[in-house]
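[1] Everything below, folded, please.
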Amino acid sequence: MHLEVAQLHKQFDTPQGPLVALQDINLHVETGEFVCAVGASGSGKSTLLRLVAGLEMPTTGEITVDGQPVIGPGIDRGMVFQSYTLYPWMTVQENVEFGLKLQGIAARQRREEASRYLDVVGLAQFARSLPKELSGGMKQRVAIARALANHPKILLMDEPFGALDVQTKETMQEFLLELWARLGISILMITHDVSEAVFLSERIYVMSARPGTIQKEVNIDLGRDRAYAIRRTPEFYHYCETIMDLLRGTATEPLSA
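    So this is what the prediction gives:
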């Protein structure tokens with residue numbers, strides 16, 4: 001799988017005049033990679049992800065998945081939002097089956113696929129529960145299972161843990177790394193949390209404030225087998241501080257890309 005974003009420009013028309021949200025964005029995600037885009041509020045992170053998801057169309061530029069232009073939403077891209085976007089009147093099982101039902105997949109196959117991914121995210125025993133009976137972290141696991149059930153080539157994540165408390169957020173970050181290692185799926189995630197981006201990803205695109213541009217592409221050389229204790233290492237601290245300096249506009253030393 002190869003996601004390519006080339007010369008992307010997004011402009012919105014407002015009563016006050018044109019608003020440039022993204023300018024000259026170039027990025028890529030290779031098969032099995034975990035990539036984050038990090039930036040402050042107003043840097044166009046969510047707009048970028050909506051463009052990749054096909055929920056918005058670029059003003060100029062191109063987005064392709066395996067060489068095919070993105071012209072709208074597609075099952076090759078699974079989307080997980082910060083808000084859980086679960087249907088409250090449906091059971092957990094029905095929520096995970098929903099996308100498959102829209103594709104016309106037969107009921108038996110839908111049940112099997114949904115059950116498989118509920119097992120993957122550790123929620124098989126809650127298949128008949130309603131979303132209101134779940135914790136925030138469990139709801140987000142259901143949302144991830146629903147996205148994975150469609151067998152996307154890439155998982156797009158829009159600050160998926162931003163609404164969670166600190167302890168649950170840390171648990172979900174470790175869960176996501178385990179899931180990524182187990183399934184080998186490609187992930188593009190946006191976040192404003194620099195520590196989260198460094199902990200999770202292999203590469204980080206650091207975005208500037210509006211208009212959003214790519215300031216720097218940073219390789220995170222911390223290996224794939226990461227545990228929470230890695231956050232206490234000098235290497236982790238160095239990555240976080242240098243990226244924060246880039247975001248503040250106070251970077252004084254180069255960080256190899």
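
[2] Helices of this protein, start to end?
    45-53, 92-102, 107-120, 136-148, 166-183, 194-200, 234-248 (DSSP state H).

[3] In TSV: the ones you listed, plus mean pLDDT and mean neighbour count.
    Every C-beta, even on glycine, is put in place using the N, C-alpha and C of the backbone. Converted to TSV, the helices of the chain look like this (pLDDT from 0 to 100; neighbours: other CB atoms under 10 Å):
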stretch	mean pLDDT	mean neighbour count
helix 45-53	94	22
helix 92-102	92	21
helix 107-120	92	16
helix 136-148	92	23
helix 166-183	90	16
helix 194-200	96	23
helix 234-248	93	16
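
[4] Would you mind putting those into TSV with distance to residue 5 alongside?
    Formatted as TSV, those follow (distance: least, CB to CB, whole Å):
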stretch	distance to residue 5
helix 45-53	7
helix 92-102	24
helix 107-120	28
helix 136-148	20
helix 166-183	21
helix 194-200	18
helix 234-248	20
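
[5] Residue 224: which of those is closest?
    helix 166-183 (6.6 Å; CB to CB).

[6] Not counting the closest one itself, show me its contacts.
    Contacts of helix 166-183 with the rest of the structure, by CB atoms under 8 Å, 6 or more residues apart in numbering, involve 34, 120-122, 135-137, 140-141, 144, 148, 160-161, 164, 185, 187, 196, 199-200, 224-228.

[7] Using PDB, write down the CA coordinates of it.
    What follows is helix 166-183, C-alpha atoms only, in PDB (Å, rounded to 0.1, in the frame of the first residue of the first chain):
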ATOM      1  CA  VAL A 166      -4.800  10.300  30.700                       C
ATOM      2  CA  GLN A 167      -4.700   6.800  32.000                       C
ATOM      3  CA  THR A 168      -7.100   5.400  29.400                       C
ATOM      4  CA  LYS A 169      -5.300   7.300  26.700                       C
ATOM      5  CA  GLU A 170      -2.000   5.700  27.600                       C
ATOM      6  CA  THR A 171      -3.600   2.200  27.700                       C
ATOM      7  CA  MET A 172      -5.200   2.800  24.300                       C
ATOM      8  CA  GLN A 173      -1.900   4.000  22.800                       C
ATOM      9  CA  GLU A 174      -0.200   0.700  23.900                       C
ATOM     10  CA  PHE A 175      -3.300  -1.200  22.600                       C
ATOM     11  CA  LEU A 176      -2.900   0.500  19.200                       C
ATOM     12  CA  LEU A 177       0.800  -0.400  18.900                       C
ATOM     13  CA  GLU A 178      -0.100  -4.000  19.700                       C
ATOM     14  CA  LEU A 179      -2.900  -4.000  17.100                       C
ATOM     15  CA  TRP A 180      -0.600  -2.400  14.500                       C
ATOM     16  CA  ALA A 181       2.100  -5.000  15.100                       C
ATOM     17  CA  ARG A 182      -0.400  -7.900  15.000                       C
ATOM     18  CA  LEU A 183      -2.300  -6.800  11.800                       C
END
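
[8] now residue 39: how far from residue 192?
    When distances are taken as CB to CB, to the nearest Å, residue 39 and residue 192 turn out to be 7 Å apart.
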